[in-house]
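Q: based on what follows, work out the 3D shape:
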Amino acid sequence: MPHKDAGKKVTQDKLINIPQLIADYYVKTPNTQDATQMVEFGTSGHRGCAFNSSFNEAHIFAITQAVCDYRKVNNITGTLFIAKDTHALSTPAQLSAIQVCVANEVKCAIALNDGYTPTPVLSFSVIEANKTSRELCDGVVITPSHNPPQDGGFKYNLTNGGPADTDVTSLIQDNANLYLKNNLEGIKKVSVQEALRDVKQIDFITPYVKALDSVIDMKLLQKSTLKVGVDPLGGSGIEVYKKINEIYGLNLEIVNDKVDPTFSFMSCDHDGKVRMDCSSPYAMSSLISLKEKFDLAFANDPDFDRHGIVTKSVGLMNPNHYLSVAIWYLFQNRKEWSDSLKIGKTLVSSSMIDRVVAYLGKTLFEVPVGFKWFVDGLSSGEVGFGGEESAGASFLRFDGSVWSTDKDGIILNLLAFEITEKLKKDPGLIYQELEKQFGIAYYERSDAPATPEQKAKLKKLSPIDVTSKTLAGEEITSVFTNAAGNDKAIGGLKVSTQNGWFAARPSGTENIYKIYAESFISKEHLSAIQEEAKALVLGVIS
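A: Sure, this is the predicted structure:
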């Protein structure tokens, strides 16, 4: 059940103490005997909180030195672009990072005037720089994404502009933890004043916005009379939408342009916490309440890699629904795209996508959770679209070349505008048409408690551990622990039938495991899948 405060404006007593958080960032140090206080790169880099000693100055010094070491070994000598979002810990972490970079003689660049840089803009900037630079460039994104205001995050993006794969992040993680265990011995750093004197400041936003007409039909949007609202949720891309209005003469109405590290303007999420999740109907309740005012509205999380689409027809769209519509539209309206392009999805995304892909006559590229699995395909132009159920996706330019290799919530939002203007109906209505054609998908994710030992067992499951021949009354057609698209381990397992499936995997940050399930028959059938999935998983890991 949702928390009693879910969907309600956050109250004063829930706001974090910013001065105390910043003080803890500098004063507290991790206990190297406590695994929860060490560096751990999950699917989106290292995340933690200064209050509990899991994201502090020592962590950033150690991680940045490990990144510098990695660059040196791999002869990456171009500019390291550093992006940050609007979380309170992002600015201190950026200062710590440039102290180490400058000491290691790494050329690095941050945004002009202490500005913010969205994740997709960082990815775009790395890709563009490497088209002309003789030396390879890469990037860092300092963000915990949609996490609560007290959290911090640090992610390394490779020279292809995308998030680093596990072989790289494991090296960086292990090296950073060695530095922590050795009391930061071997870490080079200069003073903040020296770092700020030597770091380059650049305009990340203008080149990105000017290039948007290579990936979105901006001429069509310029002619539009639709009333469109934007809520940046206090994130890093407020200036992007202002620049879009300035350069293209659009009239996107920015309903909230505040930057407040307490995020006091937010509505509480499902669990009563402040979380800037643009796919949550609770966190998005303020924008949803304005749906009658606009023909279309959209939002982003703080680093702008996620999208939230609010339509007049259905309100906030489920991310799976919008991904299905985006794929259906793009592969019928990007005429220069190669017929051989694959369509990427994570294995926990809706099978509605599978049905749309089959209808389009395309090849499905199903991968484990994590956008990093789409990076190579987007870079090479073999994957036209990559998306995940948590409301993150990117796609190619009109000419079939790479745009970004990280999730881009900005172009996904603008695509909703393009779709609505071109087809004269919003994506919510189009999804209803897909349901009539392919069936109604009943989809849900649920969490259950699990000990670290049980989580470890779940990660090591094999198809032979599943002895049942049926799932919720249907014959099991496949059981796999490696993704069909790239044969990479999924860290759990997925079981499918003709009209349903479930996937179970452990959380990387909490003592829970997650069950994703879907039925194309009924809500009751979905419940049956969930119950049998839970029993099956518990039978194996207990």
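
Q: secondary structure element for residue 527?
A: helix 523-541 (DSSP states H and E).

Q: point out where the stretch 101-250 of the chain drops to low pLDDT.
A: Nowhere does the stretch 101-250 of the chain drop to pLDDT under 70.

Q: related to what we said a few turns ago, same question for the helix holding residue 527: list its buried residues.
A: Across helix 523-541, burial judged by 16 or more other C-beta atoms under 10 Å covers 525-526, 528-530, 532-534, 536-537, 540-541. All C-beta spots, glycine's among them, are computed from the backbone N, C-alpha and C.

Q: dump those residues to CSV, plus distance to residue 187.
A: Converted to CSV, these look like this (distance: C-beta to C-beta, whole Å):
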residue, distance to residue 187
525, 56
526, 51
528, 55
529, 50
530, 48
532, 51
533, 46
534, 46
536, 47
537, 42
540, 43
541, 40
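
Q: quick one, helices of the stretch 401-542 of the chain?
A: 409-423, 427-438, 452-459, 523-541 (DSSP state H, counting those that start in this stretch).

Q: with the stretch 1-150 of the chain instead?
A: Counting by DSSP H, counting those that start in this stretch, one finds helices in the stretch 1-150 of the chain at the ranges 18-27, 57-73, 90-103, 119-132.

Q: what about the strands in the stretch 151-300 of the chain?
A: 151-157, 200-202, 228-231, 253-254, 296-300 (DSSP state E, counting those that start in this stretch).

Q: could you export the helices of the stretch 401-542 of the chain as CSV, including mean pLDDT and distance to residue 374?
A: Shown next, in CSV, are those (pLDDT from 0 to 100; distance: least, C-beta to C-beta, whole Å):
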stretch, mean pLDDT, distance to residue 374
helix 409-423, 98, 14
helix 427-438, 98, 21
helix 452-459, 88, 22
helix 523-541, 92, 26
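
Q: in TSV, list those helices along with distance to residue 197.
A: Supplementary listing: these in TSV, determined by distance: least, C-beta to C-beta, whole Å:
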stretch	distance to residue 197
helix 409-423	32
helix 427-438	48
helix 452-459	46
helix 523-541	54
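
Q: which one, of these, ends up nearest to residue 207?
A: Smallest distance to residue 207 across the helices of the stretch 401-542 of the chain (C-beta to C-beta): 13.7 Å, for helix 409-423.

Q: for the closest one, packing partners?
A: The criterion is 3 or more C-beta pairs under 8 Å, 6 or more residues apart in numbering; DSSP states H and E, and the helices and strands that helix 409-423 contacts are helix 119-132, helix 218-223, strand 296-300, strand 307-311, helix 319-333, strand 392-395, helix 427-438.

Q: run the last query once more with 7 Å
A: helix 218-223, strand 296-300, strand 307-311, helix 319-333, helix 427-438 (3 or more C-beta pairs under 7 Å, 6 or more residues apart in numbering; DSSP states H and E).

Q: the last one vs helix 409-423, what angle?
A: Here helix 427-438 points in a direction 70 degrees away from that of helix 409-423 (axes from the mean of the first three to the mean of the last three C-alpha atoms, to 10 degrees).

Q: in helix 427-438, what's buried?
A: 427-431, 434, 438.

Q: next: the fourth one.
A: When burial is assessed from 16+ other C-beta under 10 Å, helix 319-333 yields the following buried residues: 319-331.

Q: tell me the helix or strand right after that helix.
A: strand 342-346.

Q: between the helix or strand hosting residue 356 and helix 427-438, how many degrees?
A: In this structure, residue 356 is located in helix 352-360 according to DSSP H and E. Orientation note: helix 352-360 sits at an angle of 70 degrees relative to helix 427-438 (the same axes, to 10 degrees).

Q: please save the CA atoms from helix 352-360 in CSV.
A: The C-alpha trace of helix 352-360 is given here as CSV (Å, rounded to 0.1, in the frame of the first residue of the first chain):
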residue,chain,number,x,y,z
MET,A,352,4.3,-5.3,-25.8
ILE,A,353,7.6,-4.2,-27.3
ASP,A,354,8.2,-7.7,-28.6
ARG,A,355,4.9,-7.7,-30.3
VAL,A,356,5.4,-4.2,-31.9
VAL,A,357,8.9,-5.3,-33.1
ALA,A,358,7.5,-8.4,-34.7
TYR,A,359,4.8,-6.3,-36.4
LEU,A,360,7.4,-4.0,-37.8
